[in-house]
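1. next comes the sequence, and after it the predicted model I'd like to discuss.
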Amino acid sequence: MSGASVGPRGETPVPAPVPETAPTPLVVDDGELVRGRIGVSAPRPDGTLKVEGAFAYASDLWAEGMLWGVTLRSPHPRARILTIDTSPAVAMAGVHAVLTHADVPGRKTYGLEHPDQPVLAWEDVRYEGEAVAIVAADHPETARRAARSIVVEYEVLEPVVDAEWAMTDEAPRLHPSGNLLRHVPIRRGDPDATGDVVVRGTYEVGMQDQAFLGPESGLAVPDDEGGVDLYIATQWLHVDREQVAASLDLPPEKVRLTLSGVGGAFGGREDVSMQIHSCLLALRTRRPVKMVYSREESFFGHVHRHPARLEYEHHATRDGRLVAVRARIVLDGGAYASSSTAVCSNAACFAVGPYAVANCHIDAYVVYTDNPPCGAMRGFGAVQACFAYESQMDRLAAALGMDPIDLRLRNAMATGDELPTGQRVAGPAPVAELLERLRAMPLPPPAMEGPRDVRELPGGVSNATHGEGVRRGVGYAVGCKNIGFSEGFDDYSTAHVRLQIAAGTPQADVHTAAAEVGQGLVTILGQIARTELGVDDAVVVPSDTTVGSAGSSSASRQTWMTGGAVKMACEAVRADVFSRVAERFGRDPTQLLLRDGRVVDASGAPIVALAELLGDDVVEATAEHHHRPTFPLDPETGQGDAHVAFAFAAHRAVVDVDVELGLVRVVEIATAQDVGKALNPQAVEGQIEGGIAQGLGLALMEEIQVRNGLVRNPSFTDYLIPTVLDMPPVRIDVLELGDPDGPYGVKGVGEPPTISSTPAVVAAVRAASGRPLTRVPVRPDDLVDPALLEGSR
Amino acid sequence: MQFIRPTTWSEALQAKADHPEAWPVAGGTDVLVELNFDRRRPEAVLDLSSVGELRPWTREDDHVRLGAGTTYTDVLRDLPDLLPGLTVASRGVGSPQIRNRGTVAGNLGSASPAGDAHPPLLASGAEVEVASVRGPRRIAIDDFYLGVKRNALEPDELIAAIRVPVAPGPQQYAKIGTRNAMVIAVCSFAVALDPVRRRVGTGIGSAAPTPRRAVEAEGFLTERLDGRGLWEGTGPLDEETLTRFGALVAAAAQPIDDVRGTAAYRRHALSVLARRTLTWCWDDLRARREAA
Ligand SMILES: Cc1cc2nc3c(=O)[nH]c(=O)nc-3n(C[C@H](O)[C@H](O)[C@H](O)COP(=O)(O)OP(=O)(O)OC[C@H]3O[C@@H](n4cnc5c(N)ncnc54)[C@H](O)[C@@H]3O)c2cc1C
């Protein structure tokens, strides 16, 4: 047996070769598909199970003798806890433990970037739904009753719910550090630069939810030595482990995490939810403890997308060249920090979008309030900014009397241009090409005369129109975002690959801690191993913390980072195999290839079968893949090379709007996106369509409505996400321009579809309705002639 | 919690008499939500799904008698010609799964102001057939809704059936939802024209504490159609008539601002829906006349 370890932490990884940009064949023969090398739409290993409803999600976990954990949450957005009386719950038959903050043995707070959130609240509660006590009982119903019987005496305080106001001196301090969580200023060029034409606008983005279908759940199983195993649906096992271990006061190796079936994440599982709670209960009761949030609880159990208010001023020359952009962005971070500081920096870095602007004056703020905590969600700060700057670009085009695409083309960023942070965009930045491609795509045919199926009309099966009041509109938007973690974070992923002979055939086992959250990473990692090792049989084994960290399944980074780690580990395994061939057959190891389970020479002539070469040996290697270093932003000027790489996508939306009722039917969305390299074209399309659905949702319906700190719609009855009748066909043009830094030239795919789809839909609705629409989601009220509404008051 | 599962109607009535606190469950699409959200903890549940007598619908002269077990899917499949208003409303209920299980009687049992079945039943002058061990009685649909999610059933009574007149003329229904399927009505409206008896029926949903008719709008339109001899003609309705009708429908509503929409929008939307649905019905009537 032999092992190799390459790319230790901190070492610059071997740069990936710039891949050839030949288009990926979409049609492949069955053999190729089954073998599933990169570049083909290999089927998901978990696909059939999921479609048949047989896939085990975290909520399906079960252990002999397990107890059920339940959380008691604060009904108040801001209050002081005076007393907590758990005795009624403790006295209840079937209850095994009732814990409060006093029972947290280690660090009493947690958090992704700043551990400011109480594991269980003491003294203060800062948002509706904050966890105060936890209960384990032998039946979930008993646990719920027990939790309800706990008497918490609160001194209710007036919640701080306005982010602007929270920043002022008048507002009570919600945290010792004050209410301003982070301010990111960016100063570039001449602060006083002005243009011939100026447009101003103030925009708002409502609070979107990730709305993943599998609620938070996990199972904690204590061992006999004071340690614990946690089976959990999460996005990043190792960062969960760090936080769980800190609060349990255990060394990390006594806290072992295994990924359970994840029913969607979208950023909402980056923060800890029930991880610490279930482990506390398990260690206290010495029994396995399962926790599953209900749908309603889930709305209180994870962070949301930051609501934002964005004030913009765009200056341009008369011929449409951007001279200066000034922006002031205020993000409502809610009660706790989560990843707010990074979201804030993203909003600032991408505040002007994929345009080259010489003079920028940007201030982004993220603020503590008593609203629900906000954090990561697909698009991560770039979404809010994109809605504002793309709305501004349309406004500017109108003011200049220019075609909106021409205006964008005139200012489109290209490779070598700089962001407002001064960072040069080194990789492909095909902004103009994406827009030109969109423009060239045919439009869907105009609505037909005569009776139509109501499902094609605004209102759908509600039968609100048979064509009356319906106007068509077309809108465009383009956006960009960083891939991977930024601002100096040493982001890496670890992979362990074993090559062995099983039942006479070579098999590769791929082991990482990366979270499959529905995006299809399990498929991709297998494809990479098959490709690199020339085997048909590659098994992606369950993710857990017995292997090094893979980093988070977020920031569109996992194919790049963990895919890259698997590729490196396979390369090390391959090198080991070749050195054996060199030794045994006297061959030049640099002139060998692995193909179809055999070692062949450069001409393809077989030398030895792997089965024969390896026998009972296992060849294995662990690799760590780091991306190239990034740097912090200068705290005063916001200058710095903070990001690794950038992804771009553009969208065109065609909508029908019933302008009398303010209802919308999106007819078609067209998109062009550079994915670097489509390792699995079908998975790429899935990401693009799913991301667009989420962007459409933000444009038209998705909002957690919060009033005075209280959530008004914590259920799918009133938190609406698009149905199949809301989501139109998507016309996809995938570009594969090959990123010089990504393995195989890949680029993140997951987030860009969510970013500019929202402003594209809104632009189309604006075009159809003539209404200004400065807030998303757009409500019917915003679309109807205000005079008519006034008359109905 | 006790689970009672009668298999015959008389058993069901007896069970309800013995356990007036028992909560009937038909398709369960409202009941299960209430239970799962822990909003209600009934001591007993009375499952009606095995009572065979409740299942079918039958035609009795100029009425359709919808057994309490009739689902939206049943309506959609069997009754588009006899009960067109209820059929349009059924198409917009929930998803296929909900339409397969959910019953029209369950909608009445819940008596939510947003229930989609109510406006067409109001517009077509339906009757609710209820029964107890004390005997059956009929409740005019107008008298059935008493308040927000309250209906006229006595504690020992069950809904046996809903009697809906076979449509004597065109009927329409439209609702507002902020997505294109699977949505609770922000507001809704049904209209039914009876060219035989020269009557106009209406029903408003989700814009008052209970579903209700727009009585003045009905009166206005009936008078207008009679007074101008429009029932006989084949011409379109004039703009003024439509506008007035819409305004009277909106005036009959008593909406509130809530998480689904504003009162002002609801009133405005009702006036638009009223004009549109009336136009569709009227055009349909004209087409029938021209064909005749
Ligand atoms: C996802 C989802 C989507 C939905 N969408 C819609 C929608 O678009 N439009 C809409 O109107 N509704 C909708 N609903 C609500 C529900 O489906 C309807 O109200 C349906 O008509 C209820 O019928 P049911 O047979 O399931 O009633 P159940 O849930 O079984 O019962 C409802 C009520 O009626 C009572 N009841 C039932 N039968 C009798 C009887 N024979 N005698 C006396 N009382 C009785 C029950 O005690 C209970 O109070 C939706 C529900 C869900 C879960």
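-> Cool, the structure landed. Residues are numbered from 1 along each chain as shown, chains lettered A, B, ... in the order given.

2. what does stretch A:190-203 rub up against?
-> A:308-318, A:322-324, A:358-359, A:361, A:387-388, A:391-392, A:395-396, A:399-400, A:774-775 (C-beta atoms under 8 Å, 6 or more residues apart in numbering or on different chains). In this view, the C-beta of every residue, glycine as well, is placed from N, C-alpha and C.

3. what's around residue A:564, how many residues?
-> Neighbour count of residue A:564, defined by other C-beta atoms under 10 Å in any protein chain shown: 29.

4. and for residue A:596?
-> 13.

5. tell me which helix or strand residue A:528 sits in.
-> Assessed by DSSP states H and E, residue A:528 sits inside helix A:521-533.

6. mind giving me the packing neighbours of that helix?
-> Judged by 3 or more C-beta pairs under 8 Å, 6 or more residues apart in numbering or on different chains; DSSP states H and E, helix A:521-533 is in contact with strand A:492-502, strand A:505-512, strand A:537-540, helix A:558-585.

7. same thing but 10 Å
-> helix A:30-35, strand A:492-502, strand A:505-512, strand A:537-540, helix A:558-585, strand A:592-595, helix A:681-700 (3 or more C-beta pairs under 10 Å, 6 or more residues apart in numbering or on different chains; DSSP states H and E).

8. quick one on the thing from earlier: return a PyMOL selection command for the buried portion of the contacts of stretch A:190-203.
-> Here is the PyMOL selection string for the buried members of the contacts of stretch A:190-203, based on 16 or more other C-beta atoms under 10 Å in any protein chain shown:
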select buried, chain A and resi 308+309+310+312+313+314+315+316+322+323+324+359+361+387+388+391+392+395+396+400+774+775
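
9. inside strands: which ones of the contacts of stretch A:190-203?
-> A:308-316, A:322-324, A:359, A:361, A:775 (DSSP state E).

10. the ligand contacts on the stretch 1-150 of chain B?
-> Taking C-beta under 6 Å from any ligand atom as the contact definition, the stretch 1-150 of chain B meets the ligand at B:23-31, B:33, B:48, B:68, B:93-94, B:98, B:101-103, B:105-107, B:109-110, B:115-116.

11. what subset of the residues you listed is buried?
-> Here, 16+ other C-beta under 10 Å leaves B:23-31, B:48, B:68, B:93-94, B:101-103, B:105-107, B:109-110, B:115-116 buried among those.

12. can you find the helix or strand in chain B with the smallest mean pLDDT?
-> helix B:31-36 (a mean of 93; mean pLDDT, DSSP states H and E).

13. mind listing what whichever residue of chain A sits closest to chain B touches?
-> The nearest approach of chain A to chain B comes at residue A:460, 2.7 Å away (C-beta to the nearest C-beta). Residues near residue A:460 by C-beta atoms under 10 Å, 6 or more residues apart in numbering or on different chains: A:453-454, A:663, A:665, A:723-726, B:92, B:177, B:179-183.

14. do residue A:502 as well
-> Residue A:502 neighbours (C-beta under 10 Å, 6+ apart): A:509, A:537, A:539, A:611.

15. chain center to the least confident helix or strand of chain B, what's the gap?
-> Mean-position distance between helix B:31-36 and its chain equals 22 Å (C-alpha atoms, centre = their mean, to the nearest Å).

16. name the element the nearest residue to residue B:172 once chain neighbours are set aside belongs to?
-> Distances taken as C-beta to C-beta, 6 or more residues apart in numbering or on different chains place residue B:277 nearest to residue B:172, at 3.9 Å, with adjacent residues excluded. Taking DSSP H and E as the criterion, residue B:277 maps to helix B:263-291.

17. next, the buried residues of that helix.
-> For helix B:263-291, using 16+ other C-beta under 10 Å, the buried residues are B:263-282, B:284-286.

18. same question, stretch B:68-78
-> Per 16+ other C-beta under 10 Å, stretch B:68-78 contains these buried residues: B:68, B:69, B:70, B:71, B:72, B:73, B:74, B:75, B:76.

19. helix, strand or coil for the nearest residue to the first one once chain neighbours are set aside?
-> Spelled out, that is residue B:68. Of all residues not flanking residue B:68 in the chain, residue B:105 sits nearest, at 3.8 Å (C-beta to C-beta, 6+ apart). Three-state call for residue B:105 (DSSP: H, G, I helix; E, B strand; the rest coil): helix.

20. isn't residue B:105 up against residue B:30?
-> No - Residue B:105 is beyond contact range of residue B:30, at 11.2 Å (criterion: C-beta atoms under 10 Å).

21. for the closest residue to chain A within the stretch 151-292 of chain B, which non-adjacent residue is spatially closest?
-> Residue of the stretch 151-292 of chain B nearest chain A, by C-beta to the nearest C-beta: residue B:180 (2.7 Å). Take residue B:180 and drop its neighbours on the chain: the residue closest to it by C-beta to C-beta, 6+ apart is residue A:460, 2.7 Å away.

22. report the contact partners of the residue nearest to residue B:68.
-> B:24, B:26-27, B:48, B:54, B:66-71, B:117, B:128-130, B:158-162.

23. could you list which of these belong to strands?
-> Per DSSP E, those map to strands at B:24, B:66, B:67, B:128, B:129, B:130, B:158, B:159, B:160, B:161, B:162.

24. re the thing from before, neighbouring contacts of the least confident helix or strand of chain B?
-> So helix B:31-36 is in contact with A:294-296, A:715, A:717, B:1, B:23-25, B:28, B:39-42, B:45, B:47, B:101, B:106, B:109-110, going by C-beta under 10 Å, 6+ apart.

25. distance check, the spatially most central residue of chain B against residue A:181.
-> Chain B has residue B:118 as the residue nearest its centroid, 2.1 Å off, counting by C-alpha atoms, centre = their mean. For residue B:118, the distance to residue A:181 (C-beta to C-beta, to the nearest Å) stands at 49 Å.

26. now do residue A:130
-> 17 Å.

27. ok, residue A:421 next?
-> 20 Å.

28. then residue A:775?
-> In terms of C-beta to C-beta, residue A:775 sits 23 Å off from residue A:181.

29. spell out which parts of the stretch 1-150 of chain B neighbour chain A.
-> Within reach of chain A by C-beta under 10 Å from any C-beta of the partner chain, the stretch 1-150 of chain B has these residues: B:33, B:36, B:37, B:38, B:88, B:89, B:91, B:92, B:93, B:95, B:116.

30. out of those residues, who's the most crowded?
-> residue B:89 (34 neighbours).

31. that residue and residue B:79 touch, don't they?
-> No - Residue B:89 lies out of contact with residue B:79 (C-beta under 10 Å); the separation is 11.3 Å.

32. tell me where the model's unsure across chain A.
-> By pLDDT under 70, the weakly predicted segments of chain A are A:1-35.

33. how about the residue nearest the centre of it, secondary structure?
-> The residue lying closest to the centre of chain A (C-alpha atoms, centre = their mean) is residue A:378, at 3.4 Å. What three-state DSSP gives for residue A:378 is coil.

34. what sits against it?
-> A:208, A:210, A:265-268, A:305, A:481, A:554-556, A:690-691, A:694-695, A:698, A:750-755.

35. would you mind measuring from it to the ligand?
-> Going from residue A:378 to the ligand by C-beta to the nearest ligand atom, to the nearest Å gives 25 Å.

36. and that residue, what are its phi and psi?
-> phi -20, psi 110 (degrees, to the nearest 10).

37. ok, which stretches of the stretch 1-150 of chain B are helices?
-> Using DSSP state H, counting those that start in this stretch, the helices assigned to the stretch 1-150 of chain B run over residues B:9-18, B:31-36, B:72-78, B:84-91, B:96-101, B:104-110, B:118-123.

38. residue A:791: how many residues sit nearby?
-> 14.

39. correct me, but it touches residue B:246?
-> No - at 11.6 Å, residue A:791 does not count as touching residue B:246 under the criterion of C-beta under 10 Å.

40. okay, and the common contacts of these two?
-> Contacts common to residue A:791 and residue B:246, judged by C-beta under 10 Å, 6+ apart, are B:268, B:271.

41. which bits of the stretch 601-750 of chain A sit near chain B?
-> A:658, A:660-666, A:697, A:700-703, A:705, A:707, A:712-713, A:715-727.

42. which of the residues you listed count as buried?
-> Counted by 16+ other C-beta under 10 Å, those give A:658, A:660-666, A:697, A:700-703, A:705, A:713, A:718-723, A:725-727 as buried.
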